[in-house]
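>>> Kindly return the folded structure for what I paste below:
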Amino acid sequence: MKKINFINKPFYWILLAFLGLLLMWNTYSLILTRKLFGVFPVIIQLVLIVLILIKHEYAKIGIKIWSLVFLIIAPGLVLLGIILKLFASSNEEISTNAIIFDGITIIAGILIFSYTNDSIQFEELESNNAHEVSK
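Numbers count the residues shown, from 1 in each chain. All right, here's what the predicted structure looks like:
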């Protein structure tokens, strides 16, 4: 069986803290809005935290997919929509806070994605099965 090994311990703790804060924020938002769709981010973040804590081999791919989809692509599409609104000369007011927040989220996603590649390695665990000697 394979397990992951975090070479960069500060990245391990920062990633767990980041996921924990997002989990708290999404749980708070779920309670306030009472929309069932808000359960999905909470479940995804809980699964990632558990995979990281038990050092499961799928934690690395889970972190990479999560950071790519939810921290890079999704805010990137939001920024693209804002840019299209600017070029369309719409009279809607565009929030600079949203632009800054999405930019920071994309940067965090890129950092998490790249550090995941660099600081997580697989280690092979030997099985404890005793082999019987045949007579």
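
>>> could you pull out the helices for the chain?
With DSSP state H as the criterion, the chain has helices at 9-33, 39-53, 59-66, 74-87, 96-119.

>>> Let me know which of those is tucked in deepest.
Greatest average neighbour count among the helices of the chain goes to helix 59-66 (a mean of 18), per mean count of other C-beta atoms under 10 Å. Backbone N, C-alpha and C define where each C-beta goes, glycine included.

>>> Go ahead and name everything in contact with that one.
Contact partners of helix 59-66, identified using C-beta atoms under 8 Å, 6 or more residues apart in numbering, comprise 4, 15, 44, 47-48, 51-52, 112-113, 116-117, 120, 122.

>>> now P41, nearest residue through space, not along the chain?
N26 (4.5 Å; C-beta to C-beta, 6 or more residues apart in numbering).

>>> Let me fix that, I meant to ask about N8.
Nearest-residue entry for N8: S119, 3.6 Å, with adjacent residues in sequence omitted and distances by C-beta to C-beta, 6+ apart.

>>> so that neighbour makes contact with N5?
No - counting by C-beta atoms under 8 Å, S119 stays clear of N5, with 9.3 Å between them.

>>> thinking again about what came up before, mean pLDDT for the helices of the chain - can I get that in CSV?
What follows is the helices of the chain, written out as CSV (pLDDT from 0 to 100):
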stretch, mean pLDDT
helix 9-33, 93
helix 39-53, 94
helix 59-66, 93
helix 74-87, 90
helix 96-119, 92
